[in-house]
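Trainee: 3D model of this:
(chains A, B, C and D)
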2 protein chains.
Amino acid sequence: MTTSHTQSRFNSTLTSQCQSCSLSALCLPIALADEDINRLDQIIERKKPLKKGDFLFRQGETFDSVFAVRSGTLKTFNITSHGEEQITGFYCPSELVGLSGIDSNIYPVSAKALETTTVCEIPFSRLEELSSQIPSLKHQLFKVMSRKISDDQQMMVLLGKKNADEKVASFLLNLSTRFKKRGYSATTFRLSMSRGEIGNYLGLAVETVSRVITRFQKSELIHVDGKEIEIIDFPEVQKLVGVASDCGKIANI
Amino acid sequence: MTTSHTQSRFNSTLTSQCQSCSLSALCLPIALADEDINRLDQIIERKKPLKKGDFLFRQGETFDSVFAVRSGTLKTFNITSHGEEQITGFYCPSELVGLSGIDSNIYPVSAKALETTTVCEIPFSRLEELSSQIPSLKHQLFKVMSRKISDDQQMMVLLGKKNADEKVASFLLNLSTRFKKRGYSATTFRLSMSRGEIGNYLGLAVETVSRVITRFQKSELIHVDGKEIEIIDFPEVQKLVGVASDCGKIANI
DNA sequence: TTTTCATTCTGATCCAGATCAATGATTGGC
DNA sequence: GCCAATCATTGATCTGGATCAGAATGAAAA
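Mentor: Next up is the predicted model:
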């Protein structure tokens, strides 16, 4: 018991990282008391960086943790009946991966690094325990999952109803919003995924993605240099996407 | 304390409905102690039936409850930028609607009855409170939300990668599975939604849905009479869908 | 009953985006 | 550095499913 206490003190002084982590306000955006942050901190394991192409977990493996991205980018994907990969999401720093594994105790998708990526591993059973003791943590977890559900539903609208231009514009604006939230430029950023991966995610062929991007560049909506993107005419890109981007807030019928 | 005990006993005899409800094992499939079931029971309001076309809630309204369908069917949908409706889900008895509202405190979709429908209203704040006291209830909530996330991701695969035949076959098998789980026939059932609604949900035109169904009938995969469906050649329909229907379980790459 | 309106089905035509093909541009390995 | 492999772009062609048009069926209203 003394050992445990010593260790706990040790953790809070030397290795407590959530408090100093610039993402803490985002990955589980909770106003926790210092003591609570430490408790959360102690269940989190910082893992060694993944290299590009490394798996974080694979479809079918036993679920035991969710992961917060600290740096880099991940993609999650399914393998379809025809053996193709279907990308179901990209994950940027501060975002949580692996939530879909809770139900079946098995990860229903694989997660792979698109570039050098570091994550915090959060053993789910311990997070759940802790959430019983810290109601605001439990509430945040519900919110994060609920958010994921409504985001995925927006994605269903995109896949089911939008044309190629609208899909690509939505994708760019979505990334822009996510970069902005983390304090980066909303207009200039780097795509960590290939054109092929964008197309796969949006339900388009690579060639179509390439053509749409080229066309956007020619009509001076954006400026492109390889993977570097600059959104030049923000309002026009928003117009392409339509009000649907903040669909949750518009008037109902 | 005696009062509370009396009241609890009173409820369990006269108004406790979760215990006698045939769906209780499904809507929140938990092995709860009797006393816990009563506590759950007391926060649930049974509402008067919705008629066909009635809204349960509208996109943009303040979120305060999730709903368990008791009988009938609901659809949830978004309004896109072009003013069209995009259906994001159909809800059968025992299924929970409204979970996507937790994050923003606003329902991001509308929910409308496809036929006469009854629901149990579960005020979310009280459910959350109760979940602090009953860990297995909290765990079930996480599971239900996680399940929704992985189901929606399967839907993204369907919308992004499948052709018309595969979409319709997946849809029919999905319904079949859900009917079976509730103890109804997996091969013979009634579609509560129109062809138009099916097409909207699957990202297809009405005409395409109609043609595919007719074609399936001609090749003796199914038998159709209006809204009545009988799956005749189950294995063949499964073959059409591909292994992807239980994608979560197949080998990883 | 008849009228009206929605739903379903079927055929004919069209087009957005897939597919095929070829050529540059980048990137990583040694 | 060079070479191989992957990635991106552009053009030409093809096609699955959308769209248009109409007829047939069904279901609610009067």
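Trainee: just want the most central residue of chain A.
Mentor: residue A:91 (2.8 Å; CA atoms, centre = their mean).
Trainee: return the residues in contact with the residue lying closest to it once chain neighbours are set aside.
Mentor: Sequence neighbours aside, residue A:74 is the residue nearest to residue A:91 in space, at 4.3 Å (criterion: CB to CB, 6 or more residues apart in numbering or on different chains). From N, CA and C alone the C-beta is placed, and that goes for glycine too. Counting by CB atoms under 8 Å, 6 or more residues apart in numbering or on different chains, residue A:74 touches A:56, A:90, A:91, A:97, A:111, A:112, A:113, A:114, A:117, A:119.
Trainee: so what's the fourth one scoring on pLDDT?
Mentor: Just to be clear, that refers to residue A:97. Reported pLDDT at residue A:97 in the predicted model: 94.
Trainee: that one and DNA strand D, how far apart?
Mentor: The gap separating residue A:97 from DNA strand D is 21 Å, by CB to the nearest atom of the strand, to the nearest Å.
Trainee: which single one of the contacts of residue A:74 is nearest to DNA strand D?
Mentor: residue A:114 (9.7 Å; CB to the nearest atom of the strand).
Trainee: just checking, that closest one touches residue A:72?
Mentor: Yes. Taking contacts as CB atoms under 8 Å, residue A:114 lies within contact range of residue A:72: 7.2 Å.
Trainee: what sits in contact with each of the two?
Mentor: With CB under 8 Å, 6+ apart, residue A:114 and residue A:72 have common neighbours residue A:192.
Trainee: one step back: quick check, nearest of the contacts of residue A:74 to DNA strand C?
Mentor: Nearest to DNA strand C among these: residue A:114, at 10.8 Å, using CB to the nearest atom of the strand.
Trainee: what's near enough to touch the closest one?
Mentor: Contacts of residue A:114 by CB under 8 Å, 6+ apart are A:52, A:72, A:73, A:74, A:75, A:90, A:192, A:193, A:197.
Trainee: kindly recompute the last result at 10 Å.
Mentor: A:50, A:52-53, A:72-75, A:90-91, A:191-194, A:197 (CB atoms under 10 Å, 6 or more residues apart in numbering or on different chains).
Trainee: and the buried ones among those residues, selectable in ChimeraX?
Mentor: The following ChimeraX line selects those of the contacts of residue A:114 that are buried, judged by 16 or more other CB atoms under 10 Å in any protein chain shown:
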select /A:50,72,73,74,75,90,91,191,192,193,197
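Trainee: what does chain A put close to DNA strand D?
Mentor: Contact residues (CB under 7 Å from any atom of the strand) of chain A with DNA strand D: A:194-196, A:206-207, A:209-211, A:213-214, A:224, A:226-227.
Trainee: list buried residues within those.
Mentor: For the residues of chain A next to DNA strand D, buried by 16+ other CB under 10 Å: A:195, A:209, A:213.
Trainee: got the contacts of residue A:74 as CSV, with secondary structure and distance to residue A:171 columns?
Mentor: Compiled in CSV, the contacts of residue A:74 are given as follows (DSSP: H, G, I helix; E, B strand; the rest coil; distance: CB to CB, whole Å):
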residue, secondary structure, distance to residue A:171
A:56, strand, 22
A:90, strand, 9
A:91, strand, 15
A:97, strand, 19
A:111, strand, 19
A:112, strand, 19
A:113, strand, 20
A:114, coil, 15
A:117, strand, 20
A:119, strand, 23
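Trainee: now, which of those residues sits nearest residue B:231?
Mentor: residue A:111 (35.1 Å; CB to CB).
Trainee: check the residue lying closest to the closest one once chain neighbours are set aside and give its pLDDT.
Mentor: Excluding the flanking residues, the one nearest residue A:111 by CB to CB, 6+ apart is residue A:56, at 4.1 Å. Note on residue A:56: pLDDT of 95.
Trainee: distance of whichever residue of the stretch 51-200 of chain A sits closest to chain B from DNA strand D?
Mentor: In the stretch 51-200 of chain A, the residue that lies nearest chain B is residue A:81 (2.2 Å; CB to the nearest CB). To DNA strand D, residue A:81 is 15 Å away according to CB to the nearest atom of the strand.
Trainee: is it true that that residue touches residue B:157?
Mentor: Yes. Contact status for residue A:81 versus residue B:157: in contact at 9.4 Å, counting by CB atoms under 10 Å.
Trainee: identify, from the buried ones among the residues of chain A next to DNA strand D, the entry nearest to residue B:86.
Mentor: residue A:209 (22.4 Å).
Trainee: wait, what's in contact with that closest one?
Mentor: Residue A:209 neighbours (CB under 10 Å, 6+ apart): A:164, A:167-168, A:171, A:194-202.
Trainee: can you put those in JSON lines and add distance to residue B:142 and secondary structure?
Mentor: Below are the contacts of residue A:209 laid out as JSON lines (distance: CB to CB, whole Å; DSSP: H, G, I helix; E, B strand; the rest coil):
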{"residue": "A:164", "distance to residue B:142": "37", "secondary structure": "helix"}
{"residue": "A:167", "distance to residue B:142": "32", "secondary structure": "helix"}
{"residue": "A:168", "distance to residue B:142": "35", "secondary structure": "helix"}
{"residue": "A:171", "distance to residue B:142": "29", "secondary structure": "helix"}
{"residue": "A:194", "distance to residue B:142": "34", "secondary structure": "coil"}
{"residue": "A:195", "distance to residue B:142": "36", "secondary structure": "helix"}
{"residue": "A:196", "distance to residue B:142": "34", "secondary structure": "helix"}
{"residue": "A:197", "distance to residue B:142": "30", "secondary structure": "helix"}
{"residue": "A:198", "distance to residue B:142": "32", "secondary structure": "helix"}
{"residue": "A:199", "distance to residue B:142": "33", "secondary structure": "helix"}
{"residue": "A:200", "distance to residue B:142": "29", "secondary structure": "helix"}
{"residue": "A:201", "distance to residue B:142": "26", "secondary structure": "helix"}
{"residue": "A:202", "distance to residue B:142": "30", "secondary structure": "helix"}
